[in-house]
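A.B. asks: Okay, structure incoming, though there's no sequence with it:
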Ligand code: NAD
């Protein structure tokens, strides 16, 4: 396939490299002039989108996606597909889907889970929203960049799944960290705490696979001075998206709201900026109830 790839950052670069390695003809563009092995360089986003079967975007947020889409959609061949793999708000995904349909193009929102490690190894999980035709056309590319792709429903459904998943993640990480901090104060050994909870009804991905306590459980950012991993500010971005979606859908999400407020404080007023999102544990450690 002929593929355009716009946004060659931490995630986009390895994803584009994997498509090129698999034998696809990939042309990339990033406003920071990033060069990726095996990927042809375009001079603009519109240039990267011309004459392609599929155009993939991997960008920071919904406003940037909307502005890039405004340049890219008019440059694309009729019947081609735009696939947005960024994490953005549901409304932006649906707006770009509507513009693409009006231009005779396919659109799939396909945010990912798995981080930079998954992007590099080609083991991402894709959660896709869009038409059956759009998903069928783009699924072979998800198989190269990832290990699983779920077609979640119409346009925006992929972003909805991503936002809900990451709201659970943020809430669960906080719960795991505050429980460790409470256990400390009750004199419970952290390894014993892990041994019990990881095999009891309090178990979770944050406890079992990404334990926030250093030296306990499998290797995680906690064992590396809380260097990300998944940065606290990215967790905050996703929690904000969940609360924006909850607002527009009139959904009651008190735990998501609390998690957002806590990560906001951690990133904007405390030491969270640039730390892994599991650094909530050292944050809770020294604190009392006041
Ligand atoms: P990043 O900041 O490393 O990459 C984004 C890239 O987009 C940058 O290189 C930037 O120069 C480029 N860009 C910005 N505006 C542009 C424009 N107008 N035209 C062309 N290029 C432009 O971010 P990332 O970590 O690669 O994340 C990308 C997306 O993936 C985000 O939406 C993020 O939430 C999501 N995501 C990230 C992770 C992760 O672990 N990093 C995991 C899952 C999802």
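C.D. replies: The structure has been received and is ready for your questions. Everything quoted here is computed from the prediction, not taken from an experiment.
A.B. asks: Which parts of this protein belong to which domain?
C.D. replies: By the assignment in the TED database, the chain contains the domains 2-153, 160-286.
A.B. asks: Most tightly packed of the ones you listed?
C.D. replies: Ranked by mean neighbour count under mean count of other CB atoms under 10 Å, those are led by domain 2-153, which reaches a mean of 20. For the C-beta atoms, the positions are set from N, CA and C on the backbone; glycine is no exception.
A.B. asks: what's the span of that one, first residue to last?
C.D. replies: Using CA to CA, to the nearest Å, the end-to-end distance of domain 2-153 comes out at 26 Å.
A.B. asks: can the biggest helix by length in the chain be found next to the ligand?
C.D. replies: If you go by DSSP state H, the chain has its longest helix at helix 157-185. No - Helix 157-185 does not reach the ligand (CB under 6 Å from any ligand atom); its nearest approach is 7.8 Å.
A.B. asks: Tell me the gap between that helix and the middle of its chain.
C.D. replies: 15 Å (CA atoms, centre = their mean, to the nearest Å).
A.B. asks: So for it, mean pLDDT?
C.D. replies: Helix 157-185 carries an average pLDDT of 98.
A.B. asks: is it true that residue 54 touches residue 80?
C.D. replies: Yes - contact criterion CB atoms under 8 Å: residue 54 and residue 80 qualify, at 6.6 Å.
A.B. asks: which strands and helices sit next to the lowest-mean-pLDDT helix or strand in the chain?
C.D. replies: In the chain, no helix or strand scores lower on mean pLDDT, DSSP states H and E than helix 115-121, which sits at a mean of 92. On a contact count with 3 or more CB pairs under 8 Å, 6 or more residues apart in numbering; DSSP states H and E, helix 115-121 meets helix 12-21.
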